[in-house]
Every structure is written in structure tokens, then in C-alpha cells.
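S.K.: Predicted structure and sequence below. I'll ask about it afterward.
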Amino acid sequence: MNIITEHNLLIFLVQFALILGLSKLLGLIFIKWKQSTLTAEILVGLILSVTILGRLAPSLRAVIFPADKIQDSMLQTIAWLGNLYLLMETGLEINFSQVWKQRGQALIIALSDIVIPVLLLTVPMMLITNHYMPNAGNPWILSAFLAMILSISALPVTARVLYDLHILKSDFGFLIVSTLAINDVIGWVAISLVLKLLEQSVFDFMLIFKFISLIVLFIVISMTVLRKSIDKIMSLIHDKYGSDSGIKTSLVFLIGMLFGAMTLALGIHSMLGFFIAGITVGAAKHFSDNDRHVMNRMVHSIFIPVFFANIGLHLNFISSFDVRLVLVFTIFGMLIRYSGAYCGAIFAKLEKFSWNPIAICHTAGGEMHIVVAGLAYSANLISEPIFLAIVISSILSTVSLGPLLSRAIKKQRESILDVVFAQDSINTGLNFQDKEEALVYLAKSVSNRTGIAFEPVYNEIMKREERMTTAIGHGVAIPHARLEGINYPLILLVRNNTGLEWDSPDDKLVRLIFLLITPAHNEKIQLQILQALAKALSQPDLMDKLKNAANPKQLWEDLRDQFSELKLS
């Protein structure tokens, strides 16, 4: 009987502390460089692996990471939890009821971004599998599986870059998030199916039909019956214990485990269960942006670093590195994902200016490539050189996303001074009791200024607010809408005497409310103004001035000074 001894526990604690500490330390450096901590975490694993520490100090590495199955299993368990809860946390970021409202354009782009890469990459992947894995079971299915891995785009990475560029809350940002959410759902269902195919020595049509039916049935029941039940439980917890209760967090972790166990019992991989659990919980009425933030911090602070470091820990970088594979997966992968999304933007009949930025947003592989490839590698479906090439290509595509998207957006910017933002557009000393009262006031103000009836103005503002909260943190919200019948943008600002609940990502009450109204026929100007506003309002000194300005005139002058200094062209 294998028993975990105190020595096993000692080594495990040293391993855990070393990986977590180094990951956080190196992660802080990478954050300062505006890079993903994913790279830092995998790098920590490589530093502690046989590739570096094993060569520089083999005796020391043998003490810290002994060749013992029990010892390795203890760390692998934490790594697997990181893997599974990463999938659940990704699902939590998807408000599928709101995403589904965007299904027209988003679905077209998502389908194009999966189908085109798989069609174009399957044959080249066949050449790779024949060369690097000549004894693979079914080369066609394995090649399609590799093509599928490379077709998935990284929702968490892209959302973070959109946030850093201050355009996550724009209509453009919401379309990107919706597209990547649908891409994730389709991609994970397809990958679950292909994994099942790879397990079979012969193609059994009835078995595959049964498997697809089980997946569809599980998703349908999860998004209907189970979603309603979870929503009721969340509401009961919220009503009885309040929004800050840790019971809600415990429930989320429990739901992930239950969904993962259910999919395993059905013969489906548990990762799909955790992903669908995240989507189901994320749809609950009383699961707020702050709850998502708590889950994100917990998962990314503890479990995820161990998961990605563990990947690097078990790779022999020197013996398995193949520069040709890395170049193929990086260049082909990024170009094909770009092409698929670019074609999708054209098929969706979006404005031409958005084609390039939308396509760039789909180029990053991020965590999802590594998660799926890691699953395939652990099941001996792909070789270590192929796995390492996918990991490196994923990191390279993630690192390049920020600069590429920033460059694309900069080409479209205009000066914020062209925006109509008059001194009489500002009101201070107001006493709204809730968000709805504030939005009614602002909608009436827009109606008075433009001559457009109140109802359509209010409905457009609320329609956008229901999709995703327009609070950006630090006590600021930027509700916005595009209206027919106006030819110029309009910004209104109100400062409330007390803070209003607005489902802010940092859970702070909102006092400053900027309403942005732009012409319906000009999608581009909304993106430019939102980015400029969010960028200016991210500066602490300006926020202090806005919150403490004695009157609307002083507040207006502070804003105009800031926008004058902000060169966007």
C-alpha cells in the first residue's frame, strides 16, 4: 500500500512554494513588460526542469524533484486542478445569454475561424504527423485534431489585451468577446469528439452518433434545467447571505466538480464539463463581475501557475526543440487564424475598417492551445517535439497580439477634440438613487438635445447595458449607444453625490457617468472615443480632479486640458 509520508509532504510543500514563488516573481517582471504571465510560468518550469536545473545542479534537482511516482502525483493533482479550473474560469467569462444576442455576426466569424483553418491545415498537418509520428493510429484524424488545436483562439488573452487598450467595453470589444466565446464552445465540442475518435481503433458510426448525442444533450440540459436551478440557488444565497458571502465561491467550485464528474460518467472528457459549468454559472443573475474577479484571482493566483510550470517541468527543451516545427506552428497557425477571422468579418458584412483588427484578435493561441495539446500529450497522442512546438508557438502568438492590435487600432484614431463635448453637457451635485434613474435622466437629456424621441434613446442605452456592464472601475461608468438620426458624436457627463451600484469589475460604486452617443452609421468613431476616454480616465491625477472639482466649469476645463494633451493620431 502506497502511503504519503511526512517526507513526501515536505518535498511537496517545497516544490509548491518554489513554483508559486518563482512564478509570481517572474510574473511581476512580465507584467511590467506588458506580457502574459503564462510565459513566465512555463519559463519557471523550464528553469526547474532537467533542461536547466538538471544540467547546472543535477544533485539539487534530484533532491527537490525526486523520481518518485507518489511525489510526482501530488504535484500533478494540483496541476490538473489548475487545468480544469482554467477551463471553468474561461467559461465564467462568457455571458452566453448576451453572447447569443450577438449570434448573427459572431457566429459567422466563429464558424469561419474554425472551419477555414481546419480545412487549410489538415493536409499540412498530415505531412507533419507522417514525418514525426509515422506509427500514429489514424493519421487523418490526428491531423484534423492538430488543425483543430491551432484553430482555437485565446479568449482570456485577447480580453486582457482589449482591456489594456481600453476598448473591451466598446461594441467592437463585445463582438470580439462574443465571437471568441462561440469559437470556444464549438472548438471544445469538436475536440471532445475527435478525442473520442482517436480512442477508437476502427470508425464506429453508431458510437460516434451516440457520443455526439450525449454531448448535445448534456449541453442542452446544462443551459436550461441546470442553469435555472443554479440561478435559483445563487439568488437564495445572495438574498440570505449577501453578495460578499464565500458560500457562492464554494458553490462555484462544487458545480465545476459535479459537471466534470458527469461528463466523465458519460464518457466525455471532464474538461468540457468544467467549461460548460463555467458558462452555466456565469449566466446566473446574481453572479456579478466582482464574483468573476474573485474566481479569476483565486484560480490564477494558486492553481494556474502550478499547471503551466508543471508543463515546463516535464519538457526536455534541448532534445525536443525543433525549429522547423516551431516556425510551422507559429507562422501557419497565426496566418490561418487571421485568414479565417478576416474572411468571417467579410462574410458577416462588417465595416471594412474592422476586418483587420478582428482578424488580429484571433491570432493568439494562449492557454487554450497548451491545455488541449497537453491533454493530447498526456494521452500519448502527440510526440514531445510536437507538444513543445505548440507550447512555444502559443507563447509567441500571445506575446505578439498586444503590439499587433495596438498598431492596427492606432491607424484608425482621430483626435478627441473633434468630439462635441460642451460645457453645458456636464452636471454635478445630482442625487440619483440607482443606475436606472441616472440612465433615464441621461436619455432625456439626449432626447432634448437631438430631437429624437426618449423611448428609442433609452432602449438603445439599456440594450447595450444589458449585454455587459459599462462600469470600468474606479467609480466610473461609460454607458454608450449608437443612434439613427444623428451625424455627430455627443458626450454627456454627470457626477452623482453618492455612489451607485453598477456591477463594477472592482466592486466600487459609480459616481462619474459619461454617456457616449455616436451615429449608427459610424461604428469606428465609437471605438476611438471609448478608447480615448478610458485611457484618459485611467490616470489617477485626473480622477482626483474630476471627483473634487468645485463646479461643472472647473470639471470641464480639467477634462479639456487632459484631452488636449492626449494625441491619438
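M.R.: Received, thanks. Here the structure is a predicted model, which is why all the values come from computation and not from measurement.
S.K.: Averaged pLDDT, the strand or helix carrying Thr398. What do you get?
M.R.: Here Thr398, judged by DSSP states H and E, is contained in helix 384-410. What helix 384-410 shows for mean pLDDT is 87.
S.K.: same check, this time on stretch 205-220
M.R.: Mean predicted confidence for stretch 205-220 is 85.
S.K.: and Gln71, what does it touch?
M.R.: The contact partners of Gln71, by CB atoms under 8 Å, 6 or more residues apart in numbering, come to Asn8, Ile11, Phe12, Phe65. (C-beta placed from N, C-alpha, C; glycine too.)
S.K.: Closest to Gly475 out of these?
M.R.: Nearest to Gly475 among these, counting by CB to CB, is Phe12 at 43.5 Å.
S.K.: Who are the contact partners of that closest one?
M.R.: Gln71, Met74, Leu75.
S.K.: and the second one, which of the three is it?
M.R.: By that I understand Met74. helix (DSSP: H, G, I helix; E, B strand; the rest coil).
S.K.: same deal with the first one?
M.R.: Following three-state DSSP, the label given to Gln71 is helix.
S.K.: just to revisit the earlier point, which positions in the helix holding Thr398 come out as buried?
M.R.: Across helix 384-410, burial judged by 16 or more other CB atoms under 10 Å covers 384-399, 401-402, 404-405, 408-409.
S.K.: likewise stretch 482-502?
M.R.: Residues of stretch 482-502 classed as buried by neighbour count (16+ other CB under 10 Å): 482-483, 486, 489-496, 500, 502.
S.K.: can you check stretch 301-316 too?
M.R.: Within stretch 301-316, the residues that qualify as buried are 303-315, counting by 16+ other CB under 10 Å.
S.K.: Likewise for stretch 254-262?
M.R.: Using 16+ other CB under 10 Å as the burial criterion, the residues of stretch 254-262 that qualify are Ile255, Gly256, Met257, Phe259, Gly260, Met262.
S.K.: before we move on, the earlier item: let me have the contacts of Phe12 in a markdown table, extended by pLDDT.
M.R.: Below are the contacts of Phe12 laid out as a markdown table (pLDDT from 0 to 100):
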| residue | pLDDT |
| --- | --- |
| Gln71 | 91 |
| Met74 | 92 |
| Leu75 | 92 |
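S.K.: I'd like those residues laid out as JSON lines, including distance to Ile167.
M.R.: Output for those, formatted as JSON lines (distance: CB to CB, whole Å):
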{"residue": "Gln71", "distance to Ile167": "46"}
{"residue": "Met74", "distance to Ile167": "43"}
{"residue": "Leu75", "distance to Ile167": "39"}
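S.K.: returning to that earlier point: ok, and the most crowded of the contacts of Gln71?
M.R.: The residue in the contacts of Gln71 with the most neighbours, by other CB atoms under 10 Å, is Phe65 (22 neighbours).
S.K.: Just to check, Ser393 is in contact with Thr330?
M.R.: Yes. Using CB atoms under 8 Å, Ser393 is in contact with Thr330, at 4.0 Å.
S.K.: buried stuff in stretch 268-286?
M.R.: 268-284, 286.
S.K.: How about stretch 547-562?
M.R.: Using 16+ other CB under 10 Å as the test for burial, stretch 547-562 gives Ala549, Pro552, Leu555, Trp556, Asp558, Leu559, Gln562.
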